[in-house]
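**Q** below: sequence and its predicted model.
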Amino acid sequence: MAKEVIYSATAPEPIGPYSQAIKAGNMLFISGQIAIQKSTGEMITNNITDETAQVMANLNDILKSAGMDFSHVVKSTIFLKDMNNFPKVNEVYGQHFKTQPPARETVEVSRLPKDVNVEISCIAVS
């Protein structure tokens, strides 16, 4: 099975030795995204709703680069620094999955890259 690196010029550059996404067969594995704005390089961390919206925008940009959208997502993982933010994150996240939402887990972690409050990764199938 061939492995293809998927790159979106509109999503933030990886902050380490990893790809934004890898396509293997008809499966797309998107690395965890944080709220970095590609256009400014700035991070949104002062408002969990805005932060989550930027994370979802970054995921969307990568999905588009693979010819997909949120309807193709079959699995996602949400990492939260504070589970008290779950309702607000869930509300923004849910706006992208109106029908047939993917399987998911949400976990609280002690720390995330660049000290963000939320990181989301996903798997999509074409």
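**A** Now that the structure is in, tell me what you want to look at. Here the structure is a predicted model, which is why all the values come from computation and not from measurement. Numbering: from 1, shown residues only.

**Q** and the helices in the protein?
**A** In chain order, the chain shows helices spanning 48-65, 86-94, with DSSP state H as the criterion.

**Q** I'd like those as JSON lines, with distance to residue 111 appended.
**A** Heads up, the C-betas are built off the backbone N, CA and C, glycines and all. What follows is these, written out as JSON lines (distance: least, C-beta to C-beta, whole Å):
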{"stretch": "helix 48-65", "distance to residue 111": "15"}
{"stretch": "helix 86-94", "distance to residue 111": "17"}
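
**Q** wait, which of these is closest to residue 120?
**A** helix 48-65 (5.2 Å; C-beta to C-beta).

**Q** which elements pack onto the closest one?
**A** Using 3 or more C-beta pairs under 8 Å, 6 or more residues apart in numbering; DSSP states H and E as the contact test, the elements touching helix 48-65 are strand 27-33, helix 86-94, strand 118-125.

**Q** could I get the average pLDDT for that helix?
**A** Per-region confidence: helix 48-65 scores 98 on mean pLDDT.

**Q** kindly report the same for stretch 77-96.
**A** Averaged across stretch 77-96, the pLDDT comes to 98.

**Q** what's in contact with that stretch?
**A** Stretch 77-96 is contacted from outside by 32, 48-49, 52-53, 56, 60, 70, 76, 101, 104-112, 115-122, using C-beta atoms under 8 Å, 6 or more residues apart in numbering.

**Q** with stretch 25-33 instead?
**A** 1-2, 6, 11-12, 14, 18-23, 55, 58-59, 62-63, 66, 68, 72, 77, 79, 113, 119-126.

**Q** that concludes my questions; thank you for your assistance.
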